[in-house]
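S.K.: give me the fold of what follows.
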Amino acid sequence: TRSVEALLSANGLPVSDLQDGTRVILFGYMAERRLCGVVGLEICGQVALLRSLAVSTNERGSGLGPALVSYAERYAARRGIETIYLLTTTAATFFERHGYSHASRQDAPAAIAGTSQFSGLCPSSSAFMVKPVAC
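M.R.: Numbers count the residues shown, from 1 in each chain. This next block holds a predicted model:
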């Protein structure tokens, strides 16, 4: 939707692959009929790419970001996902606080390496991070 794309764009996150048939599940939080935050999962078999985490300026510091990540992780666990990966240029410290650790891009599973986020949309300087999914 337009509100998702506007929030992602305002946060400097790519949106071009959201319309090309990429299977991204987006979870959003709305308050007063306004999108306040969004996060996505691109599921690739037993692994997933956490992506598109954005929180509106007014909601930053409210705990919405961690709540969205936690929701996506619980959803992944229910779907049988074993590991979640992500790429970030600005939020490595945030994700470290939430249990993600740095990984080598060379160790990325083929399914993750084949995503448009990994193969081109996110710069090669992005931190590549991983977290096992708790059952």
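
S.K.: flag the shaky bits of the protein, pLDDT-wise.
M.R.: The chain contains residues with pLDDT under 70 at 1, 19-22, 135.

S.K.: list the buried residues for the longest strand along it?
M.R.: In the chain, assigned by DSSP state E, the strand with the most residues is strand 34-44. Buried residues in strand 34-44, defined by neighbour count with 16 or more other CB atoms under 10 Å: 35-44. (C-beta placed from N, C-alpha, C; glycine too.)

S.K.: between those residues, which is closest to Glu59?
M.R.: Cys36 (4.6 Å; CB to CB).

S.K.: and Arg79, how many residues sit next to it?
M.R.: Other residues within reach of Arg79, judged by other CB atoms under 10 Å, total 13.

S.K.: doesn't Ile43 make contact with it?
M.R.: Yes - at 6.7 Å, Arg79 counts as touching Ile43 under the criterion of CB atoms under 8 Å.

S.K.: direction included, what does the helix or strand just after the longest strand of the chain pair up with?
M.R.: Next in sequence after strand 34-44, counting helices and strands by DSSP states H and E, comes strand 47-55. Under the criterion DSSP bridges, strand 47-55 sits next to strand 34-44 (antiparallel), strand 83-88 (parallel) in its sheet.

S.K.: buried residues in the shortest one?
M.R.: Buried positions in strand 83-88, judged by neighbour count with 16+ other CB under 10 Å: 84-88.

S.K.: just send the residues you listed back as CSV, with distance to Glu73 too.
M.R.: What follows is the buried residues of strand 83-88, written out as CSV (distance: CB to CB, whole Å):
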residue, distance to Glu73
Ile84, 7
Tyr85, 12
Leu86, 11
Leu87, 17
Thr88, 16
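
S.K.: re the thing from before, for Leu68, state which of the buried residues of strand 34-44 is nearest.
M.R.: Among those, Val39 lies closest to Leu68 (CB to CB), at 4.1 Å.
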